[in-house]
Every structure is written in C-alpha cells, then in structure tokens.
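Pasting a predicted model and its sequence here:
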Amino acid sequence: MAAPPASMPPTPVLRARIDAARASAAALGLDTFLVSSLVHLRYLFGLTATAGLAVLHGEGATLVIDQRYRRAAEEAGEGQPGLRVCLVPVGDSYEATAARVVGELAPAAVGIEADHLSVARAAALRRQPAWPAVETRDTTGLVERLRLVKDPWELSRLREAGGRLAEVAACILPKVSMGCTERQVAWEVEQALHAAGFDKPAFDTIVAAGPESARPHHRASTRTIDDGDLVVVDFGGVLDGYAVDMTRTVAVGAVAAEPRRWRRAVFAAQQAAISAAAPGVLPSVVDAAARNSLAAAGLAEYFVHRPGHGIGLSVHEKPTLGSRGDHDGPLAPGMVFTVEPGVYVPGVGGVRIEDDVVVTTTGVECLTGAPQPFESHEL
Ligand code: ZN
Ligand code: ZN
C-alpha cells in the first residue's frame, strides 16, 4: 500500500471519520446515508473532485465516481477495508448509478444531506427504477458536526496555513500606500498567496479604501488609495484543502484622530473576544465580549456582523458565532474559528481586524500570528 501524500489525511484518520459518520447516521435510525457534499467527500475520503457521491452503509462505504476521478478514488480506497469504488458507466448518470448502489443494499431507511442535495437531484434519484421504496429522510449537519472539532492532522494543516498567511500579511501590508488601486493591492495579495505555497485564495480578496472601508464585503475596485485612508485588507488562502482568513486595517498617511480611535477600539474588542474564548464557554459569550467592548467606546451600533465564523475545509462553517450561536453547544478544544470584530461608519470609513484561533484546553491559540493592528506604533 502506498503511503498517502503529506497533503492527504492518513488512512486511519479517514477511516475514523467514515466510521463516525456511519455511527451518526445509525443513531438517527438510518442504515444508509447518501453523501452529496463535495466538501464531505474530501473530509471522509480525502477525495478532491468536482462531482461524486458516496453511500455509507452498515458494511462500509461505496464511492460513486466518474471515470475522470477513477485513480483518485482508488487511491482514497487503498487501505480502507469496506470501501468500494463504483464507476458511473460512460453515458449513464450519477443518479442512476447511485440508485443502483442504494437499491442493492435493500436499506431500511436512507438519509440524505438536505443542505447539499438539490430538490431537482433528490427528485431525480427518486425517479430511478432502482431507488428503493423506503423512507428517505432529510438530515442536516450530520457530517458538519463531525467537522466541528478538528483532529490533530487538520490542526497541523491549519497551523501551517495560519503561519504562512501571517507571512503574506507581513510581506503585503507595508506595500499598501497612496497611489495604488484596491485592485493592485488585491493582485499583490494573490501573488503572495501563490508564492507562499497556498493552493489558491480562499475567497476574492477584499481591499476597501477610504469610505469603501465602511462596507464589510466591498470587493477590490479601481479606486486609488488616498492620503488619510483606512484600508481594510481581508484575505485568505487554502492549503491542503484548509482555509485560513485574516484581515488588517492599514492607516495610510495622515489618518484623522477619530478613525484611529476606531482602530484602537476594534483591536480592544478583538482582544476581549479572544480572552473570553475558552472550552466550556458559549459562543454568545464571545460575541458579548466583543460587543460590550465596542459599546464602552460608544461604537456598538457600528458593529454590524457576527464576531467570527468557524473555518476549516470551508471558509464559513461551524461553530456559529454570534448572539444566537449557541445551538452547537459550548466551545471545545479543537474548534477553529475567526475573531473579527469591526466598526463601519456609513459613508465615512471602517475598520476590521481578523485572526484565526483554535480552542485549547485552557483558552485559545492564535493560528495567524500575534493579533495586532498593522502599524501599531502609530496608535
Ligand atoms: Zn476575512
Ligand atoms: Zn472571516
């Protein structure tokens, strides 16, 4: 058996994930579970594909994949007892092939991923003659809950990615200066991500200068950075499938006193949230720490989004942070999320500072280097 590449989770890790997903389905009374999320194919099988399905069942798992991914699927199956690869015949459909796989299992009840299987595709599956006449039940969050706590292999990838992203920040932020356009900065960021060995950017880089910085999800435009601008630079990279995400707000030239005060307040709010985060603490408590800190500075009304989001194979995943983010329970060691308070004063400008953290046994560890507003000596 060939050893998996370093960018792939070790085979026993994948096996444990598949077993855990099967056990979660069984706990819901589902002896068969259809995986349709491509992110979940990556999580459970280490398979990177643009199409594919998997059927988890009592005996093991069957990957349904087309000819393009034959070799990748076989590699995913190497060393995995009970993992079968079923190729979609040329000219046939995924739905027909998956229906045959499910039908042959003669299941008692089939679970589907309601968040990932489209209505049209679910109907197409049910139309297949081979699809069994048994209960098909919607599930939500089954694999997502397994992804909530990262295993040591995932943490090693996220630590590596976080360290590289901090290096990208150190390389790029000093270049944010008067006369360059937002788009030029974004392009510099994306080149630096590539040079740092990231697979790809995690999302379209946000560079928001001057009044545009008041728009949390502004995209980089042809606007030229001017004297006195605050420039929000929000960027991320994907390494071995895992995303990291970071924001710094750069003060260019002679920035007025009030925006400088916002920056100090946002940094203090981020520190308050980071200090509050620990195992056993509810996400709403972390949210309140950031919000109360900004309220003390008279800026609460300008903090218009959640204080962060879970991150991993997806840029946004569990745990949910925010005042209503407690449905996944308290924070636990191995959970990874961003801490990114912001202040956005419409028409004037804004500040956001974002770092990624992992919950440890005592608090959190920052994955993206020491949290700091850039040019902290100016504060
Ligand atoms: Zn971000
Ligand atoms: Zn983020």
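Structure received. Ligands and ions are numbered 1, 2, ... in the order given.

Show me where the stretch 51-200 of the chain has its strands.
53-57, 60-65, 83-87, 109-113, 135-139, 200-201 (DSSP state E, counting those that start in this stretch).

go on, the stretch 251-379 of the chain?
For the stretch 251-379 of the chain, the strands defined by DSSP E, counting those that start in this stretch cover 309-310, 317-320, 336-339, 342-345, 349-352, 355-359, 364-366.

just so I know, which of the ones you listed lies nearest R164?
strand 355-359 (12.0 Å; C-beta to C-beta). Just so you know, the C-beta spots here come from the backbone N, C-alpha and C atoms, and that holds for glycine as well.

residues from the stretch 251-379 of the chain in reach of ligand 1?
Contacts of the stretch 251-379 of the chain with ligand 1, taken as C-beta under 5 Å from the ion, map to E354.

Mind doing that once more with 8 Å?
Within the stretch 251-379 of the chain, the positions adjacent to ligand 1 are 315, 338, 340, 352, 354 by C-beta under 8 Å from the ion.

Just send those back as CSV, with neighbour count, pLDDT and distance to ligand 2 too.
Below are these laid out as CSV (neighbours: other C-beta atoms under 10 Å; pLDDT from 0 to 100; distance: C-beta to the ion, whole Å):
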residue, neighbour count, pLDDT, distance to ligand 2
V315, 16, 97, 7
T338, 25, 98, 4
E340, 26, 97, 5
R352, 25, 96, 9
E354, 25, 96, 5
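
which stretch in the strands of the stretch 251-379 of the chain has the least confidence?
Note on the strands of the stretch 251-379 of the chain: lowest mean pLDDT is at strand 317-320, with a mean of 92.

just for the stretch 251-379 of the chain, where's the confidence low?
Scanning the stretch 251-379 of the chain for pLDDT under 70 picks out 371-379.

now the helices for it?
257-276, 283-296 (DSSP state H, counting those that start in this stretch).

Turn these into a markdown table, columns for mean neighbour count.
Shown next, in a markdown table, are the helices of the stretch 251-379 of the chain (neighbours: other C-beta atoms under 10 Å):
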| stretch | mean neighbour count |
| --- | --- |
| helix 257-276 | 20 |
| helix 283-296 | 21 |
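
Dump the ones you listed to JSON lines, plus distance to Y69.
Output for those, formatted as JSON lines (distance: least, C-beta to C-beta, whole Å):
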{"stretch": "helix 257-276", "distance to Y69": "41"}
{"stretch": "helix 283-296", "distance to Y69": "37"}
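
Nearest to ligand 2, out of the ones you listed?
Closest of these to ligand 2 is helix 257-276, at 12.2 Å (criterion: C-beta to the ion).

helices or strands up against that closest one?
The contact analysis (3 or more C-beta pairs under 8 Å, 6 or more residues apart in numbering; DSSP states H and E) places helix 257-276 against strand 230-239, strand 242-251, helix 283-296, strand 336-339, strand 342-345, strand 349-352, strand 355-359.

Which strands and helices lie in contact with the second one?
Contact partners of strand 242-251 among helices and strands, from 3+ C-beta pairs under 8 Å, 6+ apart: helix 152-172, strand 230-239, helix 257-276, strand 349-352, strand 355-359.

switch the cut-off to 6 Å
helix 152-172, strand 230-239 (3 or more C-beta pairs under 6 Å, 6 or more residues apart in numbering; DSSP states H and E).

Please list the outside residues in contact with stretch 65-83.
1, 11, 15, 45-47, 49, 52, 59-61, 63, 85, 88 (C-beta atoms under 6 Å, 6 or more residues apart in numbering).

Excluding chain neighbours, what is closest to the most far-flung residue of the chain relative to its centre?
Distance from the C-alpha centroid of the chain, by C-alpha atoms, centre = their mean, peaks at P129 (37.6 Å). In space, and not counting its chain neighbours, P129 is closest to A99: 7.7 Å by C-beta to C-beta, 6 or more residues apart in numbering.

if we can go back for a sec, what's the closest of the strands of the stretch 51-200 of the chain to ligand 1?
Among the strands of the stretch 51-200 of the chain, if distance is taken as C-beta to the ion, the winner is strand 200-201, at 11.2 Å.

in the stretch 251-379 of the chain, what residue is nearest ligand 1?
Residue nearest to ligand 1 within the stretch 251-379 of the chain: E354 (4.9 Å; C-beta to the ion).

my bad, the stretch 51-200 of the chain
Closest point on the stretch 51-200 of the chain to ligand 1, by C-beta to the ion, is L165, at 10.4 Å.

Can you get me a residue count around that residue?
Neighbour count of L165, defined by other C-beta atoms under 10 Å: 28.

Contacts only, for it.
Contact partners of L165, counting by C-beta under 6 Å, 6+ apart, are 237, 244, 246, 368.

cool, R137 as well?
Here R137 is in contact with G111 (C-beta under 6 Å, 6+ apart).

10 Å instead?
With C-beta atoms under 10 Å, 6 or more residues apart in numbering as the criterion, the residues that contact R137 are 25, 28-30, 33, 109-112, 114.

go on, G280?
Each residue near G280 by C-beta under 10 Å, 6+ apart is listed here: 329-333, 359.

give me that answer again for 8 Å
330-332 (C-beta atoms under 8 Å, 6 or more residues apart in numbering).

K175 too?
Going by C-beta under 8 Å, 6+ apart, K175 touches 185, 188.

Tell me the spacing between it and G162.
To G162, K175 is 21 Å away according to C-beta to C-beta, to the nearest Å.

residues from the stretch 151-300 of the chain in reach of ligand 2?
234, 236, 245, 247.

out of the residues you listed, which is most surrounded?
G236 leads these on contacts (other C-beta under 10 Å) with 28 neighbours.

Excluding sequence neighbours, find me the nearest residue to it.
A202 (3.2 Å).

Angles on the backbone of the one you found, please.
phi -80, psi -20 (degrees, to the nearest 10).

Number of residues surrounding it?
If we define neighbours as other C-beta under 10 Å, then A202 has 23 of them.
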